[in-house]
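**Q** Please find the sequence and the predicted model below.
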Amino acid sequence: MEKLTIAVVQAGSESTDNESLRRLCENPTLLELCTPVARTESAALRDLEEGIADAMLLVPTAGPVQCPIDATQVIVTDKTNFLPLNAEPTAADIIRFRDILERDLDLSSPRIAIVSESTMKEPDLASQVTAEQGINTYGPYTVEQILSEDLACHFDGIVTTNGEKACQRIISDLALEAPVRFYAGGTHVVTALYSPVTVNENEESQGLADFSALTHPIYTAIDIVRNRAHYDQARQNPLPKLYHDKRDDRRKDNAPQASNKEKDDKEQAS
């Protein structure tokens with residue numbers, strides 16, 4: 001399988017002078033799976049448009065990377081995936097999340113739970129999301145219910161209604177490893193570290209632990225690029241046209257004759 005090229009970018013900066021980026025692009029294990037290249041953000045975007053890069057990884061140096069306005073942020077973990085919202089979900093939110101889980105994360109007929117920090121009224125999704133759309137939605141649950149009954153890992157996706165606060169509680173309490181920010185909904189695959197990572201040169205064990213958090217977003221990006229390709233290929237129409245319309249041939253044959261007749265008429269008129 002052809003290796004992918006991943007543009008590694010220091011978020012919010014036009015510099016590539018970053019120790020984390022350098023170590024990431026020189027990691028021998030990653031080099032067997034893909035070609036990571038340190039780029040500035042503008043250069044990386046240009047590479048994505050021109051097809052030189054297959055995906056982009058954003059490495060934050062301060063706070064979390066801000067989600068682009070036209071993207072949908074999904075937090076990917078090894079056991080489940082989160083869609084943080086700042087309001088109660090609508091049918092459009094659920095459908096969008098379902099499509100991301102199926103196409104980008106290769107989860108067929110995903111089970112989606114709705115979770116809130118506090119008790120919320122049951123959303124009227126039954127009238128908006130029909131059974132024909134094949135969406136399995138459960139809840140709403142409170143964060144306490146999800147944690148006490150160990151339900152989080154039984155769902156493919158979890159929609160939270162108060163931003164990332166509920167996500168952070170579930171991730172920390174269940175010790176979900178290496179969460180990744182994935183900015184879905186766009187043409188290009190863009191992932192980011194869940195939180196900034198500092199490579200500690202003096203403490204090797206800590207440095208390795210931090211470095212492992214850098215690799216998971218790249219693995220996630222590789223999986224998403226390949227999942228998209230397989231999903232789209234499986235839905236292409238493989239059947240050729242099963243009949244030949246002879247009317248097309250007659251139109252082609254008559255077109256030159258009509259053109260010649262118009263030419264003769266013009267010559268006689270002149």
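**A** Happy to help now that I have it.
**Q** Show me where the stretch 101-250 of the chain has its helices.
**A** For the stretch 101-250 of the chain, the helices defined by DSSP state H, counting those that start in this stretch occupy 143-148, 165-173, 204-234, 246-269.
**Q** Could you tell me the least trusted of those helices?
**A** Note on the helices of the stretch 101-250 of the chain: lowest mean pLDDT is at helix 246-269, with a mean of 61.
**Q** Who is the spatially most central residue of the chain paired with across the strands?
**A** In the chain, the residue lying closest to the centroid (CA atoms, centre = their mean) is residue 184, at 3.6 Å. Listed beta-bridge partners, residue 184: residue 72 (assigned using DSSP bridges).
**Q** check contacts around it.
**A** Taking CB atoms under 8 Å, 6 or more residues apart in numbering, we find residue 184 in contact with 71-74, 100, 104. To be clear about C-beta, it is placed using only N, CA and C from the backbone, and glycine gets the same treatment.
**Q** cool, residue 142 as well?
**A** 115-119.
**Q** Buried members of the residues you listed into PyMOL, please.
**A** Here is the PyMOL selection string for the buried members of the contacts of residue 142, based on 16 or more other CB atoms under 10 Å:
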select buried, resi 115+116
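**Q** Hmm, which of the contacts of residue 142 is lowest in pLDDT?
**A** residue 119 (67).
**Q** re the thing from before, return the member of the contacts of residue 142 nearest to residue 176.
**A** residue 115 (14.1 Å; CB to CB).
**Q** quick check: domain ranges of this structure?
**A** Using automatic domain parsing, the domain parsing of the chain gives 1-61+186-236, 79-176.
**Q** okay if I get the ones you listed as CSV plus distance to residue 67?
**A** Formatted as CSV, the domains of the chain follow (distance: least, CB to CB, whole Å):
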stretch, distance to residue 67
domain 1-61+186-236, 9
domain 79-176, 9
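**Q** wait, which of the contacts of residue 142 is closest to residue 81?
**A** Residue 81 lies nearest to residue 115 out of these, by CB to CB, at 12.5 Å.
**Q** show me the contacts for the closest one.
**A** Residue 115 is in contact with 139-143, 146, 158-161, 166, 170, counting by CB under 8 Å, 6+ apart.
**Q** Make TSV out of the contacts of residue 142 and add distance to residue 48.
**A** TSV is the format used below for these (distance: CB to CB, whole Å):
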residue	distance to residue 48
115	33
116	36
117	36
118	41
119	43
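**Q** Keep only those of the contacts of residue 142 that are in strands.
**A** Secondary structure assignment by DSSP state E places 115-116 of the contacts of residue 142 in strands.
**Q** where does the closest residue to residue 153 other than its chain neighbours fall, phi/psi-wise?
**A** The spatially closest residue to residue 153, leaving aside those adjacent along the chain, is residue 79, at 4.7 Å (CB to CB, 6 or more residues apart in numbering). Residue 79 adopts backbone torsions of phi -120, psi -30, taken as degrees, to the nearest 10.
**Q** Could you do the one 3 residues further on as well?
**A** For residue 82, the backbone dihedrals (degrees, to the nearest 10) come out as phi -120, psi 140.
**Q** what number of residues lie near it?
**A** Look at residue 82: counted by other CB atoms under 10 Å, it has 25 neighbours.
**Q** Next: the one 5 residues further on.
**A** Using other CB under 10 Å, residue 87 is surrounded by 9 other residues.
**Q** so how far is residue 40 from residue 85?
**A** Distance, residue 85 to residue 40, using CB to CB, to the nearest Å: 32 Å.
**Q** can you check residue 95 too?
**A** Applying CB to CB to residue 95 and residue 40 gives a distance of 36 Å.
**Q** cool, and residue 176?
**A** 32 Å.
**Q** Then residue 229?
**A** Per CB to CB, residue 229 is found 27 Å from residue 40.
**Q** which of those two has more neighbours?
**A** Taking neighbours as other CB under 10 Å, residue 229 and residue 40 compare with residue 40 leading, 15 against 11.
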